[in-house]
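*Asks:* Fold the following.
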Amino acid sequence: MQYLKIMEAINEQIDAGLLTAGNKLPAERKLAESFNTTRVTLRESLALLEAEGKLYREDRRGWFVSPEPLTYDPTYTTNFPVMAEEQGRKAKTELINAQLIPASRRAASLLQVPPLSEVFRVDRLRYLDDRPVVVVTNFILPKYFPNLLEKHFTASLTALYEQEYGVIYSKTRYRVSTTSLLGDTAHHLRATAGSPAMLVERLNYDQHDNLIDCDLEYWRHDAICIESMAVLDK
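*Replies:* Model prediction:
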């Protein structure tokens, strides 16, 4: 089938280094002409390469070659900037919004509090090498962090908790699933609506085993590789 041949040809160019990480592909019309095919067939090939994490789309900007994904170890409790730095990547965080709100049904369920209980909601956008890759929403129990909204959120929450409140993450429960980028999340990540994404959901506990917050991380799926090592009892 022609779309598979196109897919293979683009894959070969990536593997040979003719198309490198961050390179923008020619416009779809020119690509279709170069492969002597229709834009419908071309888009089928590009969508498959996107699903494999080889390419990504930016809304109204076109198609790009995906960089190497960040290796994400769920058992590793270090913060995002340190994780990125250890892998030779440059990290940046922007605050989208921080406010005290009534907990949504989902947030209340995750935090095990009655619906409409007041919680802090902190939304942040994180970058790898100047590319927006993940939108993180934290729901935080105010009783552990008085006056939290007066703090700065562009650094690590892990570090802020420890430095300002003496609170240390001691245990985290993870849940990873696939989803799609929609609405404001897609907009912040410069993604087209419906683009594939990875959702990492975390419940975080302090050194006294108190559930203190939860976070929902919406990753561009090509930007993250979930990897861990299990030590087995002999």
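*Asks:* Run through the residues that contact Pro114.
*Replies:* Ala108 (CB atoms under 8 Å, 6 or more residues apart in numbering). C-beta coordinates here come from the backbone N, C-alpha and C atoms, glycine included.
*Asks:* which SS state does it fall under?
*Replies:* coil (DSSP: H, G, I helix; E, B strand; the rest coil).
*Asks:* Now do the strands in this protein.
*Replies:* In the chain, the strands defined using DSSP state E lie at 55-58, 62-65, 70-72, 91-102, 118-128, 131-140, 171-180, 196-205, 211-220, 224-226.
*Asks:* what about those strands, which gets the closest to Phe35?
*Replies:* For the strands of the chain, proximity to Phe35 was assessed by CB to CB; strand 62-65 is nearest, at 13.7 Å.
*Asks:* What helices and strands are in contact with that closest one?
*Replies:* For strand 62-65, the contact count by 3 or more CB pairs under 8 Å, 6 or more residues apart in numbering; DSSP states H and E identifies strand 55-58 as packing neighbours.
*Asks:* Quick check: which of the strands of the chain is nearest to Leu48?
*Replies:* strand 55-58 (9.3 Å).
*Asks:* what does the closest one rub up against?
*Replies:* Against strand 55-58 from outside (CB under 8 Å, 6+ apart): 10, 25, 46, 49-50, 63-66, 190-192, 195, 220, 222.
*Asks:* Make TSV out of the strands of the chain and add mean pLDDT and mean neighbour count.
*Replies:* Formatted as TSV, these follow (pLDDT from 0 to 100; neighbours: other CB atoms under 10 Å):
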stretch	mean pLDDT	mean neighbour count
strand 55-58	94	20
strand 62-65	94	18
strand 70-72	93	19
strand 91-102	96	14
strand 118-128	97	19
strand 131-140	97	21
strand 171-180	93	13
strand 196-205	94	19
strand 211-220	96	22
strand 224-226	92	16
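*Asks:* Of all those strands, which one comes closest to Leu148?
*Replies:* strand 118-128 (5.4 Å).
*Asks:* chain center to that closest one, what's the gap?
*Replies:* What separates the centre of strand 118-128 from the centre of its chain is 12 Å, taken as CA atoms, centre = their mean, to the nearest Å.
*Asks:* again, but for stretch 219-234
*Replies:* Worked out by CA atoms, centre = their mean, stretch 219-234 lies 14 Å from the chain centre.
*Asks:* ok, back up a step: take the strands of the chain and lay them out in CSV including distance to Asn79.
*Replies:* Output for the strands of the chain, formatted as CSV (distance: least, CB to CB, whole Å):
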stretch, distance to Asn79
strand 55-58, 25
strand 62-65, 27
strand 70-72, 12
strand 91-102, 9
strand 118-128, 11
strand 131-140, 11
strand 171-180, 12
strand 196-205, 12
strand 211-220, 12
strand 224-226, 15
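*Asks:* Many thanks, have a good one.
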